[in-house]
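>>> Structure for the following, please:
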Amino acid sequence: MGVIHKIGRRKTAVARVYVSEGTGVIVVNKKPFETYFPTATLQYKVLQPMSMTENVTNFDVKVNVYGGGSTGQAEAVRMALARVMCEVNAENRAILKPEGLLTRDPRMVERKKFGQKKARKRFQFSKR
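Residues are numbered from 1 along each chain as shown. Down below sits the predicted model:
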């Protein structure tokens, strides 16, 4: 099979995933998966495409991820892994597509406008 390389993005986070056949070891930025994503919610998000296709223990995964926060990084890794699972077996696409794992989430942070406190919040107006 060799090594499959895919990229996933979410907000400003970018994840590069390298998947090869193995025993289910996941390494994120040279750290064990459980220490990089400590909460159960983030771990569930990362493992979701592999558990849905029943491939958790079949592949070794090496991830380089940067930018954004922990949730954005976890969802970027999830998207990249979903793309890998589709390349491994084309039938996995029918499982992952309805869950929205193959769709790039386009929502980004809105920029701050001048003369305002934040993107939409304005300074208080007083009539005195």
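>>> any idea where the helices of this protein begin and end?
Counting by DSSP state H, the segments of the chain that form helices are 33-36, 40-52, 70-88, 92-96.
>>> Any idea which of these gets closest to residue 124?
Closest of the helices of the chain to residue 124 is helix 70-88, at 31.7 Å (criterion: CB to CB). For glycine as for every other residue, the C-beta is placed from the backbone atoms N, C-alpha and C.
>>> tilt between the closest one and helix 40-52?
Here helix 70-88 runs at an angle of 10 degrees relative to helix 40-52 (axes from the mean of the first three to the mean of the last three CA atoms, to 10 degrees).
>>> Pull out the buried positions in helix 70-88.
For helix 70-88, the buried set under the neighbour-count rule, 16 or more other CB atoms under 10 Å, comprises 71-86, 88.
>>> next one: stretch 5-15
6, 8-11, 13-15.
>>> Tell me which of the helices of the chain lies nearest to residue 103.
Going through the helices of the chain one by one, with CB to CB as the measure, helix 70-88 comes closest at 8.4 Å.
>>> Return the list of helices and strands in contact with that closest one.
Packing contacts for helix 70-88, counted by 3 or more CB pairs under 8 Å, 6 or more residues apart in numbering; DSSP states H and E, involve strand 4-10, strand 13-21, helix 40-52, strand 59-66, helix 92-96.
>>> can you do 6 Å?
Under the contact criterion of 3 or more CB pairs under 6 Å, 6 or more residues apart in numbering; DSSP states H and E, helix 70-88 touches strand 4-10, strand 13-21, helix 40-52, helix 92-96.
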